[in-house]
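[1] 3D, please:
(3 chains)
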Amino acid sequence: MTDTRSFVRGLGAAAAVLGTLAFVVGAPVRPPHTGRDTVVSAATRDALDERAIEQISASQLARWIRDGKAGLRVLDLRDSSAFETKHVPSAESFALTGLVTVLPKPGETLVLYSDDDLRDAQATAWLAGVGHARVHVVRGGMSAWMTEVLSPIVQGDSAKSVAALSRYFGGVPRLVSPDADPRVTSGARDDGSKEVLEFVARRGC
Amino acid sequence: MSAREDVQRSYADPYLAGVALGLVLLASFVIAGRGLGASGAFATAAATTVRSVAPRVASTNSFLASHLDAGGLLRDWLVVEILGVMIGAWCSAALAGRLGVRVERGPHAGVSPRLWAAGAGGAVMGAGAVLARGCTSGQALTGGALLSVGAWLFIAAAFGAAYVVAYLTRGSWT
Amino acid sequence: MTAPLPLDVAGGTTPSLVVALGVGVAFGWCLERAGLGSAPKLMGQFTLRDMTVLKVMFSAIVTAMLGLFWLSWLGVVDLSRVAVPPTFIGPQIVGGVVFGAGMALAGLCPGTSCVAAATGRLDGLTVAAGFFAGVLVTGLAVPAMADFYESGTRGAFALPAALGVTQGTVTFVVVAGALTAFALSGRVERAMAARAARVRP
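    Prediction:
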């Protein structure tokens, strides 16, 4: 009888320890590893193989930011000097290990970008494992933001909307007329171009 | 009176039984990717019954139709699980000498009132389980372990109501 | 390959049904061992004389909850692939109240009624039959109350996300709450027994 009681007490103590450690650890997943040469965890391998990583275009992210999409959080996974030089407006800088502080919230949408596909995959796998419902990766990362949003080549039907989107972020859309040689581009020649150049110079962005 | 005390003493320690139950639940999560349940099995049985009598009603009712996609009563996960529950319960009782046809009731309760209350209480539970999408096994245990908000609300509501009704009918059990 | 294994539970494949049977047998065994197939013992919880229901339920919840957390941390289980019952705020609160009231009347819940019935208890059989009827009638009525039935939908909604805290924090709070309840339950049982002894001549 007393054997049972002391065994039960032992179980209770074990529960107390495991519960306290759970509080300390926070998320039921080990923090993601950094660096290409680190051994890729089983969860990441699964993500890379089985789960399709939800990619969006840089333009789609731009539209979401401009339209003030509810619950949007943009996470920049590059190192801090790259972030300081230039980052997507409203983006937050995170190292992979810092992602533990990003808590799941209902209605949130996370968009990640970096300059490293493997890092995007590791982060996505880890965030999904922690319970984030909507995690997207910007296809092409920061370079895509530069070419698609900040200096897009605009032509055809969508020219106006693409150009407007670009200018919203202080970009300089490059106009190409339908019969012009695509190798020759010119800066946007309308009233706003001078302001845009000044805007970009002021903000950096 | 002492026979009842003997029976009480032969029950397992509740904490040990609970931990064992938790390990069974954990095994279910880990192996099958889902937890336990009971009311779902009854819902499938009810849906199957309605379908055999009035097939169009069964297919146009969203609740009943959702319990008819397994392809047969014995292909439904929860129905097979509940059959297992009965087998396991029988084995445990047989080993402990607790098998016996009787009507368990409070010390001052008659058989007939007990059975009426049992049937009525069961029916009321059925209504609650349909609304809540589960019962103490599916919502409280399974959902509780998964930290589901709806499950914990269910636990609080069910325990609260049970304490109130138990107090109002305390004569039947004490 | 991480757990859960791809058993296609929804499709009713034979391996998944074998698991269902095994899990069920163990479930029924544990419930009967604990005495929860006996209505008077179960109702002792709600008259505060016998805290077995509390001890069994919360020991089980804590065990499974800690197990999931740490197996996930170790990378053995992928939590995103474990089916979480969806949350419907209104229906689950109202359904809970209705269910609890019915359970106190019946003295057993659906699962324990099957345990009782399997061991020969006619009251268990009656509860199960009543439960079947209640589910059937209410199921037929679902279209009539479709608006309420589908209200407060949140999908798979876990407490950490709802409260804006980590899963580890909620886990810790549940463990602490359960251990505290266990510590107090002995006292409650003794107090109620003492009161009953004074009342009895």
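[2] C-alpha from now on. contacts and neighbour counts both.
    OK.
[3] tell me where the model's unsure across the chain.
    Just going to use chain A. Scanning chain A for pLDDT under 70 picks out A:1, A:32-52, A:176-205.
[4] um, chain C though
    Judged by pLDDT under 70, the stretches of chain C that qualify are C:1, C:8-11, C:200-201.
[5] hmm, try it at 90
    C:1-14, C:72, C:74-84, C:153-158, C:160-166, C:186-187, C:189-201 (pLDDT under 90).
[6] tell me where it has strands.
    C:87-88, C:153-155 (DSSP state E).
[7] among the ones you listed, show me which one is buried the most.
    strand C:87-88 (a mean of 26; mean count of other C-alpha atoms under 10 Å in any protein chain shown).
[8] what residues does it touch?
    For strand C:87-88, the surrounding residues in contact (C-alpha atoms under 8 Å, 6 or more residues apart in numbering or on different chains) are B:132, B:148-151, C:150-157.
[9] and chain A, which residues reach chain C?
    A:12, A:15-16, A:18-30, A:42-43, A:46, A:103-106, A:128-129, A:131 (C-alpha under 8 Å from any C-alpha of the partner chain).
[10] okay, and the nearest residue to residue C:129 once chain neighbours are set aside sits in which element?
    Spatial nearest neighbour of residue C:129, chain neighbours left out: residue B:119 (6.9 Å); criterion: C-alpha to C-alpha, 6 or more residues apart in numbering or on different chains. Applying DSSP states H and E as the criterion places residue B:119 in helix B:111-132.
[11] show me what that helix is packed against.
    Packing contacts for helix B:111-132, counted by 3 or more C-alpha pairs under 8 Å, 6 or more residues apart in numbering or on different chains; DSSP states H and E, involve helix C:89-106, helix C:122-141.
[12] residues touching the last one, excluding its own?
    This means helix C:122-141. Contacts for helix C:122-141 (C-alpha under 8 Å, 6+ apart): B:42-43, B:45-47, B:61, B:63-64, B:101-104, B:114-115, B:118-127, B:129-130, C:106, C:108, C:110, C:112-117.
[13] can you say which of those residues are buried?
    Buried members of those, scored by 16 or more other C-alpha atoms under 10 Å in any protein chain shown, are B:42-43, B:45-47, B:61, B:63-64, B:103-104, B:114-115, B:118-127, B:129-130, C:106, C:108, C:110, C:112-117.
[14] tell me the angle the helix holding residue B:119 makes with helix C:122-141.
    Our comparison of helix B:111-132 with helix C:122-141, counting by axes from the mean of the first three to the mean of the last three C-alpha atoms, to 10 degrees, yields an angle of 40 degrees.
[15] so which helix or strand of chain B has the lowest pLDDT on average?
    helix B:2-10 (a mean of 62; mean pLDDT, DSSP states H and E).
[16] dump the residue contacts of residue A:55.
    Contact analysis of residue A:55 by C-alpha under 8 Å, 6+ apart lists A:136, A:137, A:138, A:139.
[17] what residues of stretch C:171-190 count as buried?
    Buried, per 16+ other C-alpha under 10 Å, within stretch C:171-190: C:171, C:172, C:174, C:175, C:176, C:178, C:179, C:181, C:182, C:185, C:188, C:189.
[18] same deal with stretch A:4-12?
    Residues of stretch A:4-12 classed as buried under the neighbour-count rule (16+ other C-alpha under 10 Å) are A:8, A:11, A:12.
[19] hang on, the earlier thing: as a markdown table, the contacts of residue A:55 with distance to residue A:78 and secondary structure would be great.
    Output for the contacts of residue A:55, formatted as a markdown table (distance: C-alpha to C-alpha, whole Å; DSSP: H, G, I helix; E, B strand; the rest coil):
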| residue | distance to residue A:78 | secondary structure |
| --- | --- | --- |
| A:136 | 16 | strand |
| A:137 | 13 | strand |
| A:138 | 13 | strand |
| A:139 | 15 | coil |
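[20] list just the nearest of these to chain C.
    Ranked by distance to chain C (C-alpha to the nearest C-alpha), the contacts of residue A:55 are led by residue A:136 at 16.3 Å.
[21] so what's that closest one bridging to?
    Beta-bridge partners recorded for residue A:136 (DSSP bridges): residue A:111.
[22] isn't it right next to residue A:111, touching?
    Yes: with contact defined as C-alpha atoms under 8 Å, residue A:136 counts as touching residue A:111 (4.7 Å).
[23] contact residues of chain C facing chain A?
    C:1-2, C:62-63, C:66, C:69-70, C:72-75, C:78-80, C:160-162, C:164-172, C:175-176, C:179.
[24] are any of those residues buried, and which?
    Buried, going by 16+ other C-alpha under 10 Å: C:2, C:62-63, C:66, C:69-70, C:72-73, C:75, C:78-80, C:160-161, C:165-172, C:175-176, C:179, out of the residues of chain C next to chain A.
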